[in-house]
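Engineer: here is my input; please provide its structure:
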Amino acid sequence: MKSYNDKNIIAVKFIVWLFILSSVMLFAGITSAYIVNRIGLLNANKWIYIQLPNVFICSNILLIISSITIYYANYLFNEYKYLYSKTLLIITFFIGIFFLILQLNGLKYLINNNIYLSGNVAGSYIYNIYYTWSTCYIWSFRYLLLLFFYTTK
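Structural biologist: Model (predicted):
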């Protein structure tokens, strides 16, 4: 029979996978809407091309790096190497903070170049993706803190 902690871990894993799948569906919906609107607006010559700042590329690289560190933190936790797992969780936390700082710098770039949520559809998609990424990342901090507290036991 499974203990109370085993049931909690199973429930947490289910919630995390539900969150991941919901995020994938959300980004798929935004991407689909972007493609449909872009084609329609290109045909009407109303689409404006926006040069994204390099800070968004850097933040996506950080996103990939944090995914790798959180994966290995989980792997080391399952191998009962709690100190190494905890270290990687702390590194992942700081990568996440730096990610959010870069996202804010990207937002400043958009505002300084007169790209706003309202007005052009292309700009609104950039803001939607920006806010969605940031929201998902902030919510993933909850999972990160949960893992951190499991490693301190």
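Engineer: by mean pLDDT, which helix or strand of this protein comes out lowest?
Structural biologist: helix 121-151 (a mean of 76; mean pLDDT, DSSP states H and E).
Engineer: now the helices for the protein?
Structural biologist: For the chain, helices defined by DSSP state H occupy the ranges 4-43, 54-78, 82-112, 121-151.
Engineer: including mean neighbour count, could the ones you listed go into CSV?
Structural biologist: Any C-beta I mention is one placed from the backbone N, CA and C, and that applies to glycine too. Shown next, in CSV, are these (neighbours: other C-beta atoms under 10 Å):
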stretch, mean neighbour count
helix 4-43, 12
helix 54-78, 16
helix 82-112, 16
helix 121-151, 16
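Engineer: which one of these has the lowest average pLDDT?
Structural biologist: Ranked by mean pLDDT, the helices of the chain bottom out at helix 121-151, with a mean of 76.
Engineer: that helix packs against which elements?
Structural biologist: helix 4-43, helix 54-78, helix 82-112 (3 or more C-beta pairs under 8 Å, 6 or more residues apart in numbering; DSSP states H and E).
Engineer: give me the contact list for the shortest one.
Structural biologist: Residues lying outside helix 54-78 but in contact with it, judged by C-beta atoms under 8 Å, 6 or more residues apart in numbering, are 82, 84-86, 88-89, 91-92, 95-96, 98-99, 102-103, 105-106, 109, 133, 137, 144, 147, 150-151.
Engineer: how does it look with 6 Å?
Structural biologist: 84-85, 88-89, 91-92, 95-96, 99, 102-103, 105-106 (C-beta atoms under 6 Å, 6 or more residues apart in numbering).
Engineer: got TSV for those residues, with distance to Asn60 too?
Structural biologist: As requested, those are exported to TSV (distance: C-beta to C-beta, whole Å):
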residue	distance to Asn60
Tyr84	26
Ser85	25
Leu88	20
Leu89	21
Ile91	18
Thr92	16
Ile95	12
Gly96	13
Phe99	9
Leu102	9
Gln103	10
Asn105	14
Gly106	10
